[in-house]
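S.K.: Have a look at this fold, sequence not included:
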DNA sequence: AATATTTTGAAACGATCGTTTCAGAATGTA
DNA sequence: TACATTCTGAAACGATCGTTTCAAAATATT
């Protein structure tokens, strides 16, 4: 009945995600988005609603991509559950130095989650998914005797998740890759310690 | 030669700090500040410069107040160094539930430190001071044999500092005080473990 | 009391904010 | 080919942004 869009929505969302990720919500203007997405203002509002709605969409995409990243490590079948968890930590730590963008979930959480329920809900969904992956891994590690009995997989999963954002933040502030590796090393050590 | 100000600058800075702390830099308008500080626009610009300069002043005040808070625990002379460190952790964790504001240094760091060197420098000064307090404490704990030889006071201090912000963030997101206490408990356990 | 200097209050600045409007170009369907 | 519908592009919307201006009120000093 009518013409199709001149663009692929998912690609435009990815462009917008990059801008929001780097600059944050409030510091990103619609003008920034129009330029980055290479799309007309009208088309933007027509296809994605207003700025807030577009941001939520980006945040959902971010959560989906982040979880997919972690899950890709799970397919390395030759690794035990604990080894997989350690591998995820190692991969993340290695990435900290090369990618100058911090965890968007944490960044958005600090900026908006205080008084924006929709944002908080989307972030929580993404966090739950990632922490769920870690928890499953640690539970299986516990079943196989890689993790001592007194350890709580849920709490440890949260600690690792928290660590990820803290390490990134530390690196942004102190630019000390060695320090980050040492902090991660302590966390890995604690996973293996008998108590 | 001329009249005095009708206000005490430090009090107005404290008011501005509250607003910046809660809303962040970009989401705070000069109008918000004029209303919160109960001061005229002209007086504001006359006494504190522009928005960015006022923010830096607030950030410095925050860093000073935060460090003073931690140092006040140090005066409890009946505690050993490690006990003092644990006490600081306990006090912080207890405060998480009652104060809905997160660590302003971390919040500002996520929002601005990426491309604002002045902000990053002020935050780093504040962080260094706090981490320095923790490091001193842990060094003395090591000297007194409360901390095992293989532990690095500097790295542990960073881990605790990171933990503070992570725990607060976790509470904001999951509203689970029990979880926060457990995470802090693990950190305290690691301080005392023999390796 | 006179003076020099600063603060104060109110108004307004241009710029940019997020958003809407609308006419015309484009295109899937009949 | 003609129609119905949607997308596109450019302009403009009112609101708010951070900041400046300036005359009048205030007051520490001489």
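M.R.: Thanks, I have it. Just so you know, these numbers come straight off a predicted model, no measurement behind them.

S.K.: Quick check, central residue of chain A?
M.R.: Ranked by distance to the mean C-alpha position of chain A (C-alpha atoms, centre = their mean), the top residue is residue A:66 at 4.6 Å.

S.K.: ok, it touching residue A:105?
M.R.: Yes - using C-beta atoms under 8 Å, residue A:66 is in contact with residue A:105, at 7.4 Å. Placement of C-beta: from N, CA and C, glycine included.

S.K.: Would you pull up the residue in chain A closest to DNA strand C?
M.R.: Closest residue of chain A to DNA strand C, C-beta to the nearest atom of the strand: residue A:3 (2.8 Å).

S.K.: what's the distance between residue A:128 and residue A:157?
M.R.: The gap separating residue A:128 from residue A:157 is 10 Å, by C-beta to C-beta, to the nearest Å.

S.K.: How about residue A:121?
M.R.: With C-beta to C-beta as the criterion, residue A:121 and residue A:157 are 20 Å apart.

S.K.: Say whether chain B is contacted by the longest helix seen in chain A.
M.R.: Longest helix in chain A by number of residues (criterion: DSSP state H): helix A:117-143. Yes - in terms of C-beta under 8 Å from any C-beta of the partner chain, part of helix A:117-143 sits within range of chain B, namely A:120, A:123-124, A:127.

S.K.: Sort out which residues of stretch A:38-46 are buried, please.
M.R.: Of the residues in stretch A:38-46, A:39, A:44 count as buried by neighbour count, 16 or more other C-beta atoms under 10 Å in any protein chain shown.

S.K.: what comes into contact with stretch A:108-118?
M.R.: A:24-26, A:52, A:56, A:59, A:119-120, A:123, B:22, B:24, B:27, B:100, B:102, B:106-107, B:110-111, B:169, B:172-173 (C-beta atoms under 8 Å, 6 or more residues apart in numbering or on different chains).

S.K.: Show me which of those are buried.
M.R.: Applying a neighbour-count criterion of 16+ other C-beta under 10 Å, the buried members of those are A:24-25, A:56, A:59, A:119-120, A:123, B:22, B:24, B:27, B:102, B:106-107, B:110-111, B:169, B:172-173.

S.K.: More neighbours: residue A:128 and residue A:157, which one.
M.R.: Counting neighbours by other C-beta atoms under 10 Å in any protein chain shown for residue A:128 and for residue A:157 shows that residue A:157 has the greater number, 21 against 15.

S.K.: Give the residue spans of chain A that score low on pLDDT.
M.R.: Applying pLDDT under 70 to chain A flags residues A:1-2, A:100-101, A:195.

S.K.: where exactly do the helices run in it?
M.R.: With DSSP H as the criterion, chain A has helices at A:9-23, A:30-37, A:41-48, A:51-74, A:81-98, A:104-112, A:117-143, A:153-174, A:177-192.

S.K.: what angle separates the second one from helix A:9-23?
M.R.: In this case it means helix A:30-37. The directions of helix A:30-37 and helix A:9-23 differ by 130 degrees, with axes from the mean of the first three to the mean of the last three C-alpha atoms, to 10 degrees as the criterion.

S.K.: Equivalent analysis for the last one, please.
M.R.: Computed with the same axes, to 10 degrees, the direction of helix A:177-192 lies at 110 degrees from that of helix A:9-23.

S.K.: List the contacts of the residue lying closest to residue A:167 once chain neighbours are set aside.
M.R.: Across the structure, with C-beta to C-beta, 6 or more residues apart in numbering or on different chains as the measure, the residue nearest residue A:167 apart from its sequence neighbours is residue A:180 (4.8 Å). Going by C-beta under 8 Å, 6+ apart, residue A:180 touches A:93, A:96-97, A:167, A:170-171.

S.K.: just residue A:47 next, same as before
M.R.: Residues touching residue A:47, when contacts are defined by C-beta under 8 Å, 6+ apart, comprise A:5, A:9, A:12.

S.K.: excluding its backbone neighbours, what's nearest the first one?
M.R.: In this case it means residue A:5. The spatially closest residue to residue A:5, leaving aside those adjacent along the chain, is residue A:47, at 6.7 Å (C-beta to C-beta, 6+ apart).

S.K.: near DNA strand D, which residues of chain A show up?
M.R.: Proximity of chain A to DNA strand D is assessed by C-beta under 7 Å from any atom of the strand, with A:1-7, A:39-43, A:46-47 identified as the residues in range.

S.K.: try it again with 10 Å
M.R.: Taking C-beta under 10 Å from any atom of the strand, the part of chain A that reaches DNA strand D is made up of A:1-7, A:9, A:12, A:26, A:30-31, A:34, A:38-47.

S.K.: so how far is residue B:136 from residue A:34?
M.R.: 52 Å.

S.K.: same check, this time on residue A:163
M.R.: Residue A:163 is 24 Å from residue B:136, where distance means C-beta to C-beta.

S.K.: Compare those two and say which is more crowded by neighbours.
M.R.: More crowded of residue A:163 and residue B:136, by other C-beta under 10 Å: residue A:163, with 23 against 14.

S.K.: Test my guess that the more buried one contacts residue B:166.
M.R.: Yes - under the criterion of C-beta under 8 Å, residue A:163 is in contact with residue B:166, at a separation of 7.1 Å.

S.K.: mind listing what the closest residue to residue A:27 other than its chain neighbours touches?
M.R.: On the basis of C-beta to C-beta, 6+ apart, the spatially nearest residue to residue A:27 that is not a chain neighbour turns out to be residue B:26, at 5.1 Å. Under the criterion of C-beta under 8 Å, 6+ apart, the contact partners of residue B:26 comprise A:24, A:26-27, B:111.

S.K.: Closest to DNA strand D out of the residues you listed?
M.R.: residue A:26 (9.8 Å).
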